[in-house]
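Peer 1: Just to be clear, the model below is a prediction. Sequence and coordinates:
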Amino acid sequence: MLIKSVRGFTPQYGKNCFFAENATLIGEIIMGDDCSVWYQAVVRGDVNSILMGNRINIQDGAVIHGTFERSATIIGDDVSIGHNAIVHGCTIKDRVLIGMGSIIMDDSVVGSNSIIAAGSVLPKNTIVPEGCVYAGIPAKKIKEISPELQKGEIERIAANYIQYASWFK
């Protein structure tokens, strides 16, 4: 893995984290416990801060970044960021699933207990209310989160990635 300091900032992370050999963490990153950054994922805190809670998984090929002097990235607890997603200068609250290939743009806010469907695009300043499923380009609300989706997708995937990471330690 590449962990690189820039502009006087060095990535910080908590206990029991897994970083794939070709994952990249740069600059002003603060990451909690039980997080994982998978193959070819990039967390680039060079132009603005990236603050992440506990039990975050950033899957293969995902990019986490921000906008210089404008938009930091804040990610809550129990968040799964799917393969090849882009999370840019936005806020992702707790217990969220960002689907594969999704793009979340600057100053958007994804409320807790929500799902952004695979391939969706949240344009700048999109607000996703708590407990919703958003899908499409541009993403729109398609339904409320059911208990089945909460347990069967959001919670299951977050827990699975803690298990997957343990296989590599």
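Peer 2: The structure has been received and is ready for your questions. Numbers count the residues shown, from 1 in each chain.
Peer 1: Which other helices and strands does the lengthiest helix in the chain contact?
Peer 2: Identified as the longest helix of the chain according to DSSP state H is helix 156-167. With contacts taken as 3 or more CB pairs under 8 Å, 6 or more residues apart in numbering; DSSP states H and E, helix 156-167 sits against strand 36-37, strand 57-58, strand 79-81. The C-beta positions use only the backbone N, C-alpha and C, and glycine is treated the same way.
Peer 1: got TSV for those strands, with mean pLDDT and distance to Asn48 too?
Peer 2: Below are the helices and strands packed on helix 156-167 laid out as TSV (pLDDT from 0 to 100; distance: least, CB to CB, whole Å):
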stretch	mean pLDDT	distance to Asn48
strand 36-37	98	18
strand 57-58	98	17
strand 79-81	98	17
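Peer 1: Select, out of those strands, the one closest to Ser146.
Peer 2: Among the helices and strands packed on helix 156-167, the nearest to Ser146 by CB to CB is strand 79-81 (17.6 Å).
Peer 1: Packing partners of the next helix or strand after the closest one?
Peer 2: Using DSSP states H and E, the helix or strand that follows strand 79-81 in sequence is strand 86-88. Judged by 3+ CB pairs under 8 Å, 6+ apart, strand 86-88 is in contact with strand 63-65, strand 73-75, strand 103-104.
Peer 1: Please render these as TSV that adds mean pLDDT, mean neighbour count and distance to Cys90 to the earlier fields.
Peer 2: Listed next are those as TSV, based on pLDDT from 0 to 100; neighbours: other CB atoms under 10 Å; distance: least, CB to CB, whole Å:
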stretch	mean pLDDT	mean neighbour count	distance to Cys90
strand 63-65	98	22	10
strand 73-75	98	23	6
strand 103-104	98	26	5
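Peer 1: which residue is nearest the middle of this structure?
Peer 2: Among the residues of the chain, the one closest to the centroid is Ile81, at 4.2 Å (CA atoms, centre = their mean).
Peer 1: is it true that that residue touches Ile56?
Peer 2: Yes - counting by CB atoms under 8 Å, Ile81 touches Ile56, with 7.3 Å between them.
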